[in-house]
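Trainee: Got a sequence here, can you build the structure:
(one chain, ligands or ions: 3)
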Amino acid sequence: MASPTPEESAGSLTERLKEQAERIGFDLVGVCPATRPAGYEHLQRWVAEGFAGQMHYLADRIQAYEHPRHVLAGARSLIVLGTHYRTQHPQSAATGEGRVSRYAWGSADYHDVLHQRLRSLREFLLQLAPHAQARGVVDTAPLMERDFAQLAGLGWTGKNTMLINRHSGSWFFLAALITDLELEYDSPHATDHCGTCRACLDACPTGAFPEPGVLDATRCISYLTIELRDSIPEELRSGMGDWIFGCDVCQDVCPWNRMAPQVSTAEFLPQAGSDPVDLCGLFEMTDQQFRARFRRTPLWRAKRAGILRNAAVVLGNQRHAPALDALTTGMDDPHPVVREACAWALGRLSSEPARQALRARRELETDPLVQSVIDQALTGE
Ligand code: B12
Ligand code: SF4
Ligand code: SF4
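Mentor: Ligands and ions are numbered 1, 2, ... in the order given. Okay, the predicted model is just below:
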């Protein structure tokens, strides 16, 4: 284990690290010991219930979540960091347009922004304690970030499962710098401020909360539009409404977000056309154009096929007649998930030209699932 320079006590080292984190741009900073996370058993049960769906990386690394030392050998402390991302809202969606979750409106992926800041904080730590070990994490390491954020005093877990801070609401990203240094720890956030409110539970369009504080990800629009690689289950499509990437409903309705601070961080400012998105235009884009537009944004995780699949479902939900050409183009897409969603959406248009497009594709279609969706669309079942 590394130790700070002789003159540096754990208290003053912690103080300097916190000040530097704020200078770098982190809005919330708390420090906690590296321990077994309080929610570890909950995570095990959650995965065993099947609530993680196709996010196999959770089950595959379940042992590693048991302690941060599996992420950094010798881990003793975590500096847990929150970064606000609420910016001004561009405008609401009209028919033919799709909604994108707030966290993806900017010009850059938040992982890149936060990793850059974490690198800078790590360098500072190494200047103070040259023999220390430190590793910055955002999302991808097996670390229960919300549990450690609570332990570091940053907030409580709301009924919508978000980490909520009394002053910041929940529009913030989490990140952590794990180190083998001994630091001075904040008190855990021990109180719950949801009270009798259940706005998020009632507002969730797909009924994704089997109980307060537990999310069945397989029903969550965020999972369906970003993580799921297959076709979206039909019974959940109408709940998707206008969302083509992520969902903000359970945060939009949370009273703790009414006063959440607004930031003007350049990378998080809404880009032109980032929300709402013109859906028909997406089907006209070449692979290269798609890459150029989305490569640096969080939307890239869903890949071109995922975005077109989601766009087709939203156009189907909207029964948007002018989308006929776009959906017909989508019926020739190399990815069966795109063709399946387009077939479903064309069926929802209930027009003769839409039926013609479906019949034409039926002659060529080789994928059994797409074939059956075309047949259902043509028979109106
Ligand atoms: C997998 C994942 C998802 C999944 C599952 C979400 C979920 N609620 O579990 C999906 C794809 C659905 C998702 C969606 C979103 N995500 Co996400 N996601 C993650 C990730 C990578 C892991 C979370 C995880 O392990 N979930 C499994 C559950 C069981 O664990 P947990 O939520 O971490 O912790 C719970 C337990 O500890 C529990 N608990 C502990 N003890 C007990 C005991 C009892 C009895 C109970 C009931 C509960 C309980 O309370 C916590 C809340 O559920 C984290 C990053 C990370 N490494 O932590 C980001 C993260 C949680 N996501 C984040 C964000 C921003 C989102 C979205 C808002 C994005 C969007 N707009 O579409 C939505 C929000 C949906 C929602 N209501 O949660 C942020 C949250 C920031 C914050 N302020 O809370 C994180 C931390 C990423 C980051 N680095 O900023 N996400
Ligand atoms: S993000 Fe949307 S779909 Fe997911 S739990 Fe919240 S309200 Fe429900
Ligand atoms: S909407 Fe209400 S119940 Fe849900 S997280 Fe916010 S305060 Fe808690």
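Trainee: buried ones in the longest helix along the chain?
Mentor: Criterion DSSP state H: the longest helix present in the chain is helix 110-128. Using 16 or more other C-beta atoms under 10 Å as the burial criterion, the residues of helix 110-128 that qualify are 110, 113-115, 117-118, 120-122, 124-125, 128. Heads up, the C-betas are built off the backbone N, CA and C, glycines and all.
Trainee: same deal with stretch 194-208?
Mentor: For stretch 194-208, a neighbour-count test (16+ other C-beta under 10 Å) marks 194, 199-201, 204-206, 208 as buried.
Trainee: Next: stretch 12-21.
Mentor: 13-14, 16-18, 20-21.
Trainee: In the stretch 101-250 of the chain, mark out all the strands, start to finish.
Mentor: Along the stretch 101-250 of the chain, counting by DSSP state E, counting those that start in this stretch, strands occupy 134-137, 156-157, 163-164, 172-179, 243-245.
Trainee: Return the list of helices and strands in contact with the first one.
Mentor: Using 3 or more C-beta pairs under 8 Å, 6 or more residues apart in numbering; DSSP states H and E as the contact definition, the elements that strand 134-137 packs against are helix 110-128, strand 172-179.
Trainee: among those, which is nearest ligand 2?
Mentor: Ranking those by distance to ligand 2, with C-beta to the nearest ligand atom as the measure, places strand 172-179 first at 15.2 Å.
Trainee: now for that closest one, which elements pack on it?
Mentor: Checked by 3+ C-beta pairs under 8 Å, 6+ apart, strand 172-179 has strand 77-84, helix 110-128, strand 134-137, helix 145-151 packed alongside it.
Trainee: in its sheet, what does it sit against?
Mentor: Strand 172-179 has its sheet partners listed here by DSSP bridges as strand 77-84 (antiparallel), strand 134-137 (antiparallel).
Trainee: remind me which residues of the protein are low pLDDT?
Mentor: 1-7, 90, 381 (pLDDT under 70).
Trainee: Would you mind giving the domain segments of it?
Mentor: 10-94+105-179, 278-375 (automatic domain parsing).
Trainee: For those, could you give me a markdown table that also reports distance to ligand 3?
Mentor: Output for the domains of the chain, formatted as a markdown table (distance: least, C-beta to the nearest ligand atom, whole Å):
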| stretch | distance to ligand 3 |
| --- | --- |
| domain 10-94+105-179 | 3 |
| domain 278-375 | 23 |
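Trainee: Out of the strands paired with strand 172-179, which gets nearest to residue 182?
Mentor: Counting by C-beta to C-beta, residue 182 lies closest to strand 77-84 out of the strands paired with strand 172-179; the figure is 6.6 Å.
Trainee: Whether that closest one contacts ligand 1 - can you check?
Mentor: No. Strand 77-84 stays clear of ligand 1 (C-beta under 6 Å from any ligand atom), getting no nearer than 7.2 Å.
Trainee: can you pull the buried residues of stretch 248-260?
Mentor: Buried residues in stretch 248-260, counted by 16+ other C-beta under 10 Å: 248-251, 253-254, 256-257, 260.
Trainee: who's in contact with that stretch?
Mentor: For stretch 248-260, contacts defined as C-beta atoms under 8 Å, 6 or more residues apart in numbering pick out 84, 86, 101-102, 158, 160, 162, 164-171, 193, 197, 199-200, 203-205, 221.
Trainee: Inside helices: which ones of these?
Mentor: 199-200, 203, 221.
Trainee: mind putting those residues in a markdown table, distance to ligand 2 included?
Mentor: Shown next, in a markdown table, are the ones in helices among the contacts of stretch 248-260 (distance: C-beta to the nearest ligand atom, whole Å):
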| residue | distance to ligand 2 |
| --- | --- |
| 199 | 10 |
| 200 | 7 |
| 203 | 6 |
| 221 | 4 |
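Trainee: Now the residues you listed in TSV, please, with extra columns for distance to residue 75.
Mentor: Below are the ones in helices among the contacts of stretch 248-260 laid out as TSV (distance: C-beta to C-beta, whole Å):
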residue	distance to residue 75
199	37
200	33
203	38
221	34
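Trainee: so which of those comes closest to residue 56?
Mentor: residue 221 (20.1 Å).
Trainee: and the closest one, how many residues sit next to it?
Mentor: Close neighbours of residue 221, defined as other C-beta atoms under 10 Å, add up to 27.
Trainee: For the stretch 201-350 of the chain, what lies in contact range of ligand 1?
Mentor: Contact residues, the stretch 201-350 of the chain versus ligand 1 (C-beta under 6 Å from any ligand atom): 213-215, 217, 220, 222-223, 227, 246-248, 250.
Trainee: quick one: contacts for whatever residue of the chain ends up closest to ligand 1?
Mentor: At 2.4 Å from ligand 1, residue 39 is the closest residue in the chain, using C-beta to the nearest ligand atom. Residues near residue 39 by C-beta under 8 Å, 6+ apart: 144, 146-147.
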